[in-house]
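Asker: Whatever this is, show me its structure:
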Amino acid sequence: SSFQETQFHTFSYTIQTGDKFFISFYNPNGATNWQLRMDLSTTGTFTQISGADPAHDAGSSSGWTEVSLDLSAYVGEDITKIHIYAAAGQSVVTNYDNIYIHTESVFNNKWTGTSSNVWNLGANWSKGTVPTSAEILLIPASASVDPVISSSTGAVGKDLTVEAGASLNIASGGSLILQGTSSGNITYSRTLTANIDPTKSWHLLSSPVSGENVQDFIANNTLASGTTNTNFRGIANYKIGGSNWNYYLSTYSGSDAFDSGKGYSVKIASAGDISFIGTYTGGDKEYSINQTTNNFVGNPYAAYINLGTFFTSNNVTNRLSEQTIWLWNPDEFGTGLGGYVQKMSGTDANFEIAPSQGFFVSSGSASSNKVTFNESNQSHKSNTFLKISRTEVHLNISQDNIKHSTKIYYIDGTTTGFDNGFDGSLFGGINYDLAVSTQLVANNQGINLGIQSLPNNDFETLVIPINVKAKAGKEIIFSANALNVPNGLKV
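Answerer: Numbers count the residues shown, from 1 in each chain. Below you'll find the model as predicted:
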């Protein structure tokens, strides 16, 4: 024979109807020729299956290639040995992996990285097409570049294997949704602003991957350092029921993990990306919350979740005290002038919570309380601009270099009492130096509202109570913005 034998595997298996034999090969250095043969219990020893198939020229490949053999002619026979025959005189190394018998390929599409690191480019995949949600995907360690899911890409797949030594990288705003299982590391990046002022440019985050601990996160990212205590790092837990934070130290060596659905406050030393490294988060997730207080949670997935559906999933008696979430925008009132932003089920049902976005909810009185994140609520949707047609009035105040505002919406079907999902409380988890809010027009129980929705009529007769907290003895500047006010009305 012109081929040199290598016994590749010894085992016993009875061929079933529909079986095919699959083998992957990778030859990084140059062309080589090889054949595969099997020992079969009836047909005989060293039978070359299907003649010259797969007498295969591996060529000079930059990635793995999978080939298969149809075993339909040998149903009922036992395979006892598998042999690889490399052509005589060949000195180029060829690698073999993922050897199995099945009715279809276990890996439908493999990353090759032939053209670039762009996930959403067919030329970078073994099938020549971008993966679909029905395909089983492999990211091999042998690829010359690792794939990147860009900020504008919504990637899909069925099952995913990321080999040791390889990585799948998702840029800030990108998303990945799998229908099945996953193994191997994924790196999700989030782009953050920074400010030298220790009180500014904090971001509310949650981990979009599983398995990373706080110690590794501190080591892998350049977080801001404390000013009064330089051992503090820019990552903190929220103190339940309080208004302060527990900051981690640079020397932290504990085992605290990023629990799915838990929020963290993060500040980086200079503007750029922070990275979460772990495995894909799949399945429904639950996160325990304390009774009757503000709780810091977050999107646990590497995809967007819809706010309206989130509230539907958590529409359990006494689970949430109101259908409002509070997000922190570090530049809400201008660069470095942060503020909490309210989103409610009635006015913001289409809002999409981004991957790794942390937010607050207000717990109800249910015992053993929790919030639920449903896997089926994942999407690739980003928030699109919708023109606001409702009548709105924004009341703004400023004092020194601090700003704050409250909003009043006029919406058909709302009342002058509390409308859950349309009225949202002012976030109560911090101490304000300056704040403005409204209170209910009817059945006022002293609740300070960041947003209040009222009937879309009788504008001039409704008397809206205003509450202001400010420093005594200093000037307060009031201003107002009006949107879509009926003709003839002045604000």
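Asker: For this protein, give me the ranges with low pLDDT.
Answerer: Counting by pLDDT under 70, the ranges of the chain that qualify are 1-11, 26-34, 45-65, 85-93, 241-243, 382-388.
Asker: and with 80 instead?
Answerer: Applying pLDDT under 80 to the chain flags residues 1-12, 23-38, 44-69, 83-98, 104-108, 239-244, 291-292, 382-388, 488, 490-491.
Asker: where do the helices sit along it?
Answerer: 214-220, 307-313 (DSSP state H).
Asker: can you list contacts of the last one?
Answerer: Counting by CB atoms under 8 Å, 6 or more residues apart in numbering, helix 307-313 makes contact with 320, 323, 325, 343, 345, 348-353, 372-374, 377, 421, all of which sit outside it. For glycine as for every other residue, the C-beta is placed from the backbone atoms N, C-alpha and C.
Asker: before we move on, the earlier item: dump the helices of the chain into CSV; add distance to V491 as well.
Answerer: Listed next are these as CSV, based on distance: least, CB to CB, whole Å:
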stretch, distance to V491
helix 214-220, 47
helix 307-313, 29
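Asker: Packed most tightly, which of those helices would that be?
Answerer: Of all those, helix 307-313 carries the top mean neighbour count, a mean of 20, counting by mean count of other CB atoms under 10 Å.
Asker: chain center to it: distance?
Answerer: Centroid separation between helix 307-313 and its chain, computed with CA atoms, centre = their mean, to the nearest Å, is 17 Å.
Asker: tell me the contacts of the residue nearest the centre of the chain?
Answerer: Among the residues of the chain, the one closest to the centroid is A302, at 1.9 Å (CA atoms, centre = their mean). Contacts for A302 (CB under 8 Å, 6+ apart) come out as I170, S175, L176, I177, I186, Y188, P208, V209, Y280, T281, P355.
Asker: how about a cut-off of 6 Å?
Answerer: I170, L176, Y188, P208, P355 (CB atoms under 6 Å, 6 or more residues apart in numbering).
Asker: Can you pick out the ones from those residues that are in strands?
Answerer: Among the contacts of A302, the ones falling in strands (DSSP state E) are I170, L176, Y188.
Asker: Rebuild the contacts of A302 as a markdown table, extending it with distance to L160 and neighbour count.
Answerer: Shown next, in a markdown table, are these (distance: CB to CB, whole Å; neighbours: other CB atoms under 10 Å):
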| residue | distance to L160 | neighbour count |
| --- | --- | --- |
| I170 | 12 | 29 |
| L176 | 8 | 27 |
| Y188 | 14 | 29 |
| P208 | 15 | 27 |
| P355 | 16 | 29 |
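Asker: Beta-bridge partners for N213, please?
Answerer: N213 forms beta bridges with A257, as assigned by DSSP bridges.
Asker: can you tell me how far it sits from L160?
Answerer: In this view, N213 and L160 are 22 Å apart by CB to CB, to the nearest Å.
Asker: L426 now?
Answerer: For L426 relative to L160 (CB to CB), the value is 43 Å.
Asker: likewise I476?
Answerer: For I476, the distance to L160 - CB to CB - is 55 Å.
Asker: Those two: which has the busier surroundings?
Answerer: L160 (25 against 13; other CB atoms under 10 Å).
Asker: D433: which of the ones in strands among the contacts of A302 is nearest?
Answerer: D433 has its nearest neighbour among those in Y188, at 34.9 Å by CB to CB.
Asker: Bridged to the residue lying closest to Y13 once chain neighbours are set aside, which residues?
Answerer: Nearest non-adjacent residue to Y13, counting by CB to CB, 6 or more residues apart in numbering: I79, 4.9 Å away. Partner residues in beta bridges with I79, using DSSP bridges, are Y13, L40.
Asker: From T17, how far off is I79?
Answerer: Counting by CB to CB, the gap from I79 to T17 is 15 Å.
Asker: Those two: which has the busier surroundings?
Answerer: Ranked by neighbour count (other CB under 10 Å), I79 and T17 place I79 first, with 22 against 9.
Asker: right, and that one touches M38 too?
Answerer: Yes: taking contacts as CB atoms under 6 Å, I79 lies within contact range of M38: 5.3 Å.
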